[in-house]
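Participant: make a model of this:
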Amino acid sequence: MIVYSATKARFHDDVMTNDIDGIILSAFESATGRTTSKSEIHSWKSSLSYMERVLRDDEIPFDAGVAVEFHLPQTSKRIDFILTGRDRDRRESAILVELKQWEAAELTQSDAVVITRFKHGLAETLHPSYQAWSYKRLLDDFNQTVQEEQIGLYPCAYLHNYEDDGVITHQFYSDHIKRAPMFLKPDALKLQQFIKAHVRYGDTTRIMYRIDHGKIKPSKNLADELASMLRGNREFVLIDDQKVVFEKAKRLAEQASEQAKKVLIVEGGPGTGKSVLAINLLVALTGKDHVVQYVTRNSAPRLVYEAKLTGHFRKTHISNMFSGSGSYHAVPANTFGCLIVDEAHRLNEKSGMFSHLGENQIKEIINASKLSVFFIDEDQKVTLKDIGDKESIRAWAKKAGAGVVEANLESQFRCNGSNGYLAWLDNTLQIRETANQTLDTCEYDFRILDTPMELHELIRARNRKNNKARMVAGYCWDWISKKNLLLKDIVIGDYKGTWNLETDGQAWIIKPDSVSEVGCIHTCQGLEVDYIGVIVGPDLVVRDGNVLTRPVERSRMDKSIQGWKKLLKDDPERGAARLDAIIKNTYRTLMTRGQKGCYVYFVDDETRRHFAERLQTRSTAETVTDTSVMPAHEDISAVLPFRRMEPEEARPYENCVPLYDLKIAAGGFSDEQQLDGCEWVELPEVFRPQKGLFVAQVVGESMNRRIPNGAWCLFRIASAGSRNGKVVLASHREIADTDTGGHYTIKLYESTKDSLADGTWRHTSIILRPDSYLHGYEPIVLSEEQSEDLQVMGELVAVLG
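Facilitator: Model (predicted):
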């Protein structure tokens, strides 16, 4: 749908009325039947005036087509500005412009994501170049007119208020900027040249009208690419009843139509392969020309499965096939052939950041698609806002006139295939009574640890083999490190841990270095690892054999049970039951993430004894104190987290990076040193080789909360910019590090600065802090004078293992 369509000449006249915002608003209300925000109306007035000035060039034809606010099919997204015409070879072309009024932005560690200020404060959002390019790919991948008539699409971004500060144009975003050039405040003439390169002649064939009315279907290239990603990927092989449900869903997709909508409800407990089945359906139905999206309320499964398909964390065009559950409140009926809703128990009633959009996510998903597939486990509802249940899905399907089919997944592939462990856990948590009152730990590796330090070390050791062990905890500690990276969130005696959310985002569970941090329910639901370490907080305790839940012990920053006091006041009995279920379900979910083992530390002693007494194969004392790390036959020291490359296959910084000895490197480090005759190594696939990266082994215990003794780490040669809160490799003649045995050290960097009258600054002190479970490591404090001789040569990128 196009809100406003005109020629360049007509667009110029409309802007000159000084009421372009009113003209667009009138067209918007006519096209959509609703109005929009004052901020968006203001953006039209400002940004479109800037675009009109750019188009004031006689070489840009007066009859070029102008489209404003083009609604992309199957999304709620709109392309801000499109100019259409023909290039110098008379080929039809369209320039897609993402307009931004931004004046500043901040870097993030997430690909294609920046932080900028919106009306309600700072928030993460997509980089404008990626945003523009992703819109182009949506049209390439799903618009038959674009595919078959070979219309050239040229995306770009125009930030007309933004002075280049090195952030929005940072090298980190270079791949996206290459695919969709970005033009800033001084770049109006450059944007003009970009336009003239692709639109030389006018639009006489109504290009945007044809695109707008083009059939929506996935391109063959997209289908083939998805199929190739899945092929040979053992994580996505269908087994047993997964295959049966898969075939049933494919049949329903062929039968479903606008007149005969279908709803498939697939119920399955933890580890029954719901997500694996969902991804297979996404690929298979796309290959059958259905327009499909994989949908979740929480972004963690979307990001993780996208990364598992592509083999990396970078944003690609298949990101368009993964969507949040709140994206369908404004989508026309039957836009999609199939919406595949994973973790459907996590659906909310309202959508939007402030829960103010739409009526009901279940209703909107069923309305938007001919076939809706809901994967559900009602025992994994973990917040008061979770509304997804079979009864509600049936009710909304009936109102939509959709036929309902139900299926079950029974085969257990998590928890070592042990249905007995799941039944024991339910019984011990007093979720439901089962016959499994004790657990045979020979069937599933379940251990109780004495201290959180022992637990975390055990998880680190398990992780060294294949990066599939993680720490999680109940959300009982405030996330104070969000504002100060030097603070620790989870403090239990001598143990100090950090929540993962800011560093690794929702893909935390598969990020290579995230084993040093602690995840929570919001970053691991629907996902799995080989071994999970769980800290059970004071929100779940046992007293006299009864499992009690204590919502008051949850962090005030956790939104899962926000409003619980009012809930108890309004309906004490029902409210208490809901809170009890949510807290128990949270720990049930956390304790079923491990395919091979679950290791637990209980903050409360009586709770620890309650669980220990229900283990079969060991005595209580043996169970509680057993901190053995690996069976004797598992030699983890021989497992390297990279592959050493032969000289003839090494292409420096294309398929490998150098392996350095830190003692040598820190003696006189430079970008070019040691390249002759040095070893080259291939990084894990989640990392992209590039100049400035290197691998080295870190020895010592001074940073063992983040870097285990002997761990192999990936570093980046230090560049200019703030280093506060980062782990750095530093050298100073007055350093005598007891771990490294030299004048270099690896520590957490902290500095204090004074601002000077001329606008510059100077260091007043630099502190290099250890981060260790062990006592005796003291910070290295350098005065203003001493700091002048400090060389920061590298920054830690990741602990590889």
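
Participant: what about the helices in the stretch 301-450 of the chain?
Facilitator: 361-368, 390-399, 419-428 (DSSP state H, counting those that start in this stretch).

Participant: mean neighbour count, these: which tops it?
Facilitator: helix 361-368 (a mean of 25; mean count of other Cβ atoms under 10 Å). C-beta coordinates here come from the backbone N, C-alpha and C atoms, glycine included.

Participant: now it - C-alpha only, PDB.
Facilitator: Provided in PDB are the C-alpha atoms of helix 361-368 (Å, rounded to 0.1, in the frame of the first residue of the first chain):
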ATOM      1  CA  GLN A 361      -1.900 -11.600  19.800                       C
ATOM      2  CA  ILE A 362      -3.500 -15.000  19.300                       C
ATOM      3  CA  LYS A 363      -6.500 -13.400  17.500                       C
ATOM      4  CA  GLU A 364      -4.100 -11.300  15.300                       C
ATOM      5  CA  ILE A 365      -1.900 -14.200  14.300                       C
ATOM      6  CA  ILE A 366      -4.900 -16.400  13.300                       C
ATOM      7  CA  ASN A 367      -6.300 -13.400  11.400                       C
ATOM      8  CA  ALA A 368      -3.100 -12.700   9.500                       C
END
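
Participant: chain center to that helix, what's the gap?
Facilitator: The chain centre lies 24 Å from the centre of helix 361-368; the measure is Cα atoms, centre = their mean, to the nearest Å.

Participant: what comes into contact with it?
Facilitator: For helix 361-368, the surrounding residues in contact (Cβ atoms under 8 Å, 6 or more residues apart in numbering) are 261, 263, 295, 297, 325-326, 328-329, 331-336, 339, 341, 347-351, 358, 372, 374, 387-388, 392-393, 396-397, 399-400, 402.

Participant: if any of those are buried, give me the ChimeraX selection for them.
Facilitator: Buried members of the contacts of helix 361-368, defined by 16 or more other Cβ atoms under 10 Å, are picked up in ChimeraX with:
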select :261,263,295,297,325,326,328,329,331,335,336,339,341,347,348,350,351,358,372,374,387,388,392,393,396,397,402
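
Participant: re the thing from before, in a markdown table: the helices of the stretch 301-450 of the chain, plus mean pLDDT.
Facilitator: Output for the helices of the stretch 301-450 of the chain, formatted as a markdown table (pLDDT from 0 to 100):
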| stretch | mean pLDDT |
| --- | --- |
| helix 361-368 | 96 |
| helix 390-399 | 97 |
| helix 419-428 | 90 |
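
Participant: what's the closest of these to K496?
Facilitator: K496 lies closest to helix 419-428 among these, at 28.5 Å (Cβ to Cβ).

Participant: out of the contacts of helix 361-368, which are inside strands?
Facilitator: Using DSSP state E, V263, V295, F336, L339, V341, S372, F374 are the members of the contacts of helix 361-368 that sit in strands.

Participant: got a list of what the fifth one touches?
Facilitator: What that stands for is V341. V295, T296, S325, L347, I365, S372, V373, F374, F375.

Participant: buried residues in stretch 44-53?
Facilitator: Judged by neighbour count using 16+ other Cβ under 10 Å, the buried positions of stretch 44-53 are W44, K45, S47, L48, Y50, M51, E52.

Participant: which helix or strand contains the third one?
Facilitator: Remark: S47 resides in helix 38-54, with elements defined by DSSP states H and E.

Participant: CA atoms only: put that helix into PDB for me.
Facilitator: Taking Å, rounded to 0.1, in the frame of the first residue of the first chain, the C-alpha atoms of helix 38-54 are listed here in PDB:
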ATOM      1  CA  LYS A  38       2.600  14.000  16.200                       C
ATOM      2  CA  SER A  39       6.200  13.000  16.100                       C
ATOM      3  CA  GLU A  40       5.700  11.100  12.800                       C
ATOM      4  CA  ILE A  41       3.800  14.100  11.300                       C
ATOM      5  CA  HIS A  42       6.600  16.400  12.300                       C
ATOM      6  CA  SER A  43       9.100  14.000  10.700                       C
ATOM      7  CA  TRP A  44       7.200  14.300   7.400                       C
ATOM      8  CA  LYS A  45       7.400  18.100   7.500                       C
ATOM      9  CA  SER A  46      11.200  18.000   8.200                       C
ATOM     10  CA  SER A  47      12.500  15.100   6.300                       C
ATOM     11  CA  LEU A  48      10.500  15.500   3.100                       C
ATOM     12  CA  SER A  49      11.600  19.100   2.800                       C
ATOM     13  CA  TYR A  50      15.200  17.900   2.900                       C
ATOM     14  CA  MET A  51      14.400  15.300   0.200                       C
ATOM     15  CA  GLU A  52      12.700  17.900  -2.000                       C
ATOM     16  CA  ARG A  53      15.900  20.000  -1.900                       C
ATOM     17  CA  VAL A  54      18.000  17.100  -2.900                       C
END
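
Participant: on contacts alone, who are the packing partners of that helix?
Facilitator: The contact analysis (3 or more Cβ pairs under 8 Å, 6 or more residues apart in numbering; DSSP states H and E) places helix 38-54 against helix 8-16, helix 20-32, strand 78-86, strand 92-100, strand 152-159, helix 188-198.

Participant: what pLDDT, on average, does that helix get?
Facilitator: If you average the pLDDT over helix 38-54, you get 94.

Participant: the inter-axis angle of that helix versus helix 8-16?
Facilitator: If you take axes from the mean of the first three to the mean of the last three Cα atoms, to 10 degrees, helix 38-54 sits at 130 degrees to helix 8-16.

Participant: give me the contacts around helix 38-54.
Facilitator: With Cβ under 8 Å, 6+ apart as the criterion, helix 38-54 contacts 11-12, 15, 20-21, 24-25, 68, 80-81, 97, 99-101, 119, 158, 160, 188, 191-192, 195.

Participant: got it, and stretch 142-155?
Facilitator: By Cβ under 8 Å, 6+ apart, stretch 142-155 touches 73-74, 87, 91-98, 129, 132-133, 135-136, 139-140, 179-180, 194, 198, 207, 210-211, 213-219, 222, 291.

Participant: pLDDT of stretch 652-669, averaged?
Facilitator: 71.

Participant: begin at 797 from now on, thanks
Facilitator: OK, 797 is where the count begins now, so the last one is stretch 1448-1465.
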